[in-house]
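S.K.: Quick one, fold the following:
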Amino acid sequence: MILTSSALLAASIGNYANWDTQLEYSAALGVVKWHLPYISYGNFINQPPIGYYIDSLFFIMFGSASYTLGVAVITLFGLGCIFLVYMLGKTLYSTRAGLFAAALLCLTPWHLVISTSFLIDAQCLFFSLLFLLTGIWAIKRTSLKLFLLTGVMFGLASLTKVYAVFMIIPLAIFFLSSKPKKPLKVLGAILLFLLPAFIMNYVWYGMLTNLGITFVLRHDDFTPKIPPGIIPSPVFMVQYFITNLGLALIIACVASLFLSAYRKRLLKQFLIPDSAFTATILAVVGIDTYFVLVQNLYIPYVNVFKYAYSLVPLFCLLAASLFDKLILAQKNTDPTTTKRKITFAIALFSLILVAVSMFQNAATLVDLIKQDHILFAVEGERGYSLQKALTLTSANISWALQGIAFAAIIMTLLAIIFRIQRSSKQQSYRLIQSLNDQKAISIRSYSITRERYQCPHT
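M.R.: Residues are numbered from 1 along each chain as shown. Got it, this is the predicted structure:
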């Protein structure tokens with residue numbers, strides 16, 4: 001239901017385009033024409049090639065190289081990201097947390113706009129989440145085969161966009177937290193992870209194109225300086241997240257982290273994933289801030305839309321974990337009732353903030369139907385802008401599609417809540433039965449003991 005809702009929302013807002021999308025579309029057409037991602041003949045696009053080869057494959061399969069078909073391919077990868085967020089939530093937290101995180105990502109305008117634009121960012125995020133998921137499986141099962149598969153996925157992600165390297169941060173934290181003890185196996189796992197990516201990049205940049213392994217680092221983004229008269233705020237990244245993710249969601253994520261630290265014993269299974277996601281968020285924010293405030297680069301300043309996109313699923317997972325934290329706080333039988341009440345109150349209040357954030361996102365998506373130009377602002381009127389390239393349906397049909405999508409998501413979340421209540425009642429019933437059984441055994445044992453003492457021959 002969540003995936004279907006996401007597809008309906010994508011159809012309702014149409015397709016978007018700007019200078020970047022036209023450039024990447026030209027590179028995909030270059031693969032069809034010349035088998036290499038040329039913007040014009042002999043002129044490589046300054047991005048890794050995998051995304052453009054995937055797009056060109058669909059162009060050849062359908063016998064059409066239209067922009068709409070290309071965006072449809074990107075939308076499929078956007079849906080794949082939602083599914084992978086569900087799988088990560090299920091693996092790290094629980095099924096209900098995974099569903100909740102998927103619903104949050106589905107309703108995030110930032111993700112939906114990228115999924116309806118011809119940008120390789122959705123493909124990069126898909127492969128990044130995929131190698132993170134397979135890496136977690138490899139760590140849990142200590143499987144060298146899965147480490148090799150993770151390395152292949154990382155290779156594909158790194159050949160889609162360099163931003164894939166950010167997902168190494170949570171994977172490394174998960175690996176270190178598993179406390180590996182065999183040095184040879186640790187070395188083998190690291191080599192199996194890094195070797196496929198090195199071979200893929202070397203074959204492409206060193207052998208097939210002769211561009212050199214440092215080609216991606218010579219990106220145009222690292223050339224333009226901030227124009228005179230523009231003074232970025234030191235907290236421009238925080239302002240961007242508050243504007244485009246919502247203050248309610250940010251506060252809920254901070255509260256989620258606080259609960260993990262505040263109740264380490266009760267919520268110890270949350271501490272490692274929460275720490276991993278937080279470290280990744282801080283690292284990306286720190287790197288982008290360094291580019292802007294220290295290196296004085298203009299593109300990382302106005303393009304936070306793309307530079308920090310990989311963090312959106314992490315915020316969704318942090319917020320979704322509040323569901324499980326609330327349930328644990330409710331079931332906790334800790335004698336220090338003050339802590340239990342504080343934990344329960346914070347988790348409940350944070351979930352209300354998440355609900356507020358979801359309603360705000362829904363209102364933004366409704367508004368996108370009427371807008372032909374959108375700006376993901378960093379500060380003032382500066383930011384990343386897109387124009388509506390194609391409206392797939394009329395306004396009335398778009399609103400109807402969004403209504404169906406919102407209803408499906410609400411039904412899914414209500415089903416999760418109903419299941420929680422039902423399982424809670426069943427557990428309470430089993431607990432009462434267990435206590436009654438123990439009481440009956442105690443009474444029977446007391447009766448037998450009493451009879452033995454009353455009988456003189458015993």
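S.K.: For the residue nearest the centre of the chain, which non-adjacent residue is closest in space?
M.R.: Nearest residue to the geometric centre of the chain (CA atoms, centre = their mean): Pro313, 1.8 Å. The shortest distance from Pro313 to any residue other than its chain neighbours is 4.8 Å, reached at Val85 (CB to CB, 6 or more residues apart in numbering). Glycine gets a C-beta too; all of them are placed from N, C-alpha and C.
S.K.: Which pLDDT value belongs to the one you found?
M.R.: We have a pLDDT of 97 for Val85.
S.K.: tell me the contacts of it?
M.R.: Listed by CB atoms under 8 Å, 6 or more residues apart in numbering, the contact set of Val85 reads Gly98, Ala101, Ala102, Leu105, Leu129, Pro313, Cys316, Leu317.
S.K.: now those: which count as buried?
M.R.: Buried by 16 or more other CB atoms under 10 Å: Gly98, Ala101, Ala102, Leu105, Leu129, Pro313, Cys316, Leu317, out of the contacts of Val85.
S.K.: Kindly indicate which of those residues lies nearest Ile173.
M.R.: Nearest to Ile173 among the buried ones among the contacts of Val85, counting by CB to CB, is Leu317 at 13.9 Å.
S.K.: So for Ala102, what's the pLDDT?
M.R.: The model reports Ala102 with a pLDDT of 95.
S.K.: Roughly how far does it sit from Met61?
M.R.: 28 Å (CB to CB, to the nearest Å).
S.K.: what does Ile352 give?
M.R.: Counting by CB to CB, the separation of Ile352 from Met61 is 47 Å.
S.K.: Looking only at neighbour counts, state which of those two leads.
M.R.: Ile352 (13 against 9; other CB atoms under 10 Å).
S.K.: Confirm that the more buried one lies within a strand, as I assumed.
M.R.: No. Counting by DSSP: H, G, I helix; E, B strand; the rest coil, Ile352 is not part of a strand but helix.
S.K.: Quick check: it vs Leu326, distance?
M.R.: Distance, Ile352 to Leu326, using CB to CB: 11 Å.
S.K.: Show me the shaky parts of the stretch 201-350 of the chain.
M.R.: The model of the stretch 201-350 of the chain has pLDDT under 70 over residues 216, 332-336.
S.K.: So what's the residue count around Pro109?
M.R.: Neighbours of Pro109 (other CB under 10 Å): 22.
S.K.: tell me the pLDDT at the residue nearest to it when sequence neighbours are not counted?
M.R.: Closest residue to Pro109 apart from its sequence neighbours, by CB to CB, 6+ apart: Thr364 at 4.8 Å. On the pLDDT scale, Thr364 is placed at 93.
S.K.: Kindly report the same for Thr68.
M.R.: Thr68 is assigned a pLDDT of 93 by the prediction.
S.K.: Which strand or helix spans it?
M.R.: helix 67-92 (DSSP states H and E).
S.K.: How about Phe126?
M.R.: helix 121-141.
S.K.: Determine the angle, from 0 to 180 degrees, between the very next helix or strand once past that helix and helix 121-141.
M.R.: Using DSSP H and E, the helix or strand that follows helix 121-141 in sequence is helix 144-158. Interaxial angle, helix 144-158 versus helix 121-141 (axes from the mean of the first three to the mean of the last three CA atoms, to 10 degrees): 160 degrees.
S.K.: what's near enough to touch Lys179?
M.R.: Listed by CB under 8 Å, 6+ apart, Lys179 has no contact partners.
S.K.: Phe376 falls within a strand, correct?
M.R.: Yes. Counting by three-state DSSP, Phe376 falls inside a strand.
S.K.: Tell me if I'm right that it and Asn244 touch.
M.R.: Yes. Contact criterion CB atoms under 8 Å: Phe376 and Asn244 qualify, at 5.5 Å.
S.K.: shared neighbours, these two?
M.R.: Trp110, Phe305.
S.K.: quick one, longest strand in the chain?
M.R.: When the chain is scanned for its longest strand (criterion: DSSP state E), the result is strand 382-390.
S.K.: Could you check the angle it makes with helix 67-92?
M.R.: Using the same axes, to 10 degrees: strand 382-390 against helix 67-92 is 120 degrees.
S.K.: Pull out the buried positions in strand 382-390.
M.R.: So for strand 382-390, counting by 16+ other CB under 10 Å, buried means Gly383, Tyr384, Ser385, Leu386, Lys388, Ala389.
S.K.: How about the last one: what's its closest non-neighbour residue?
M.R.: So that's Ala389. Ala17 (3.7 Å).
S.K.: which ones are touching that neighbour?
M.R.: Shown in contact with Ala17 (CB under 8 Å, 6+ apart): Tyr67, Ser117, Phe118, Leu386, Gln387, Lys388, Ala389.
S.K.: Now render these as TSV, adding distance to Phe258.
M.R.: Compiled in TSV, the contacts of Ala17 are given as follows (distance: CB to CB, whole Å):
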residue	distance to Phe258
Tyr67	45
Ser117	35
Phe118	40
Leu386	36
Gln387	41
Lys388	40
Ala389	43
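S.K.: Let me know the closest of the residues you listed to Leu125.
M.R.: Ser117 (13.2 Å).
S.K.: Val73 is in contact with that closest one, correct?
M.R.: No. Taking CB under 8 Å as the definition, Ser117 is not a contact partner of Val73, at 11.7 Å.
S.K.: For the stretch 351-458 of the chain, which segments are assigned as strands?
M.R.: For the stretch 351-458 of the chain, the strands defined by DSSP state E, counting those that start in this stretch occupy 373-379, 382-390.
S.K.: what does stretch 256-271 rub up against?
M.R.: 93, 274-275, 278, 318-319, 321-322, 324-325, 328-329, 332, 334, 339, 342-343, 346-347, 350.
S.K.: ok so, going back, got the contact list for the residue nearest to the centre of the chain?
M.R.: Counting by CB under 8 Å, 6+ apart, Pro313 makes contact with Cys81, Leu84, Val85, Leu88, Ala101, Leu105, Leu125, Leu129.
S.K.: Tell me which two of those residues sit farthest apart.
M.R.: Comparing all pairs in those by CB to CB, the longest separation belongs to Ala101 and Leu125, at 14.0 Å.
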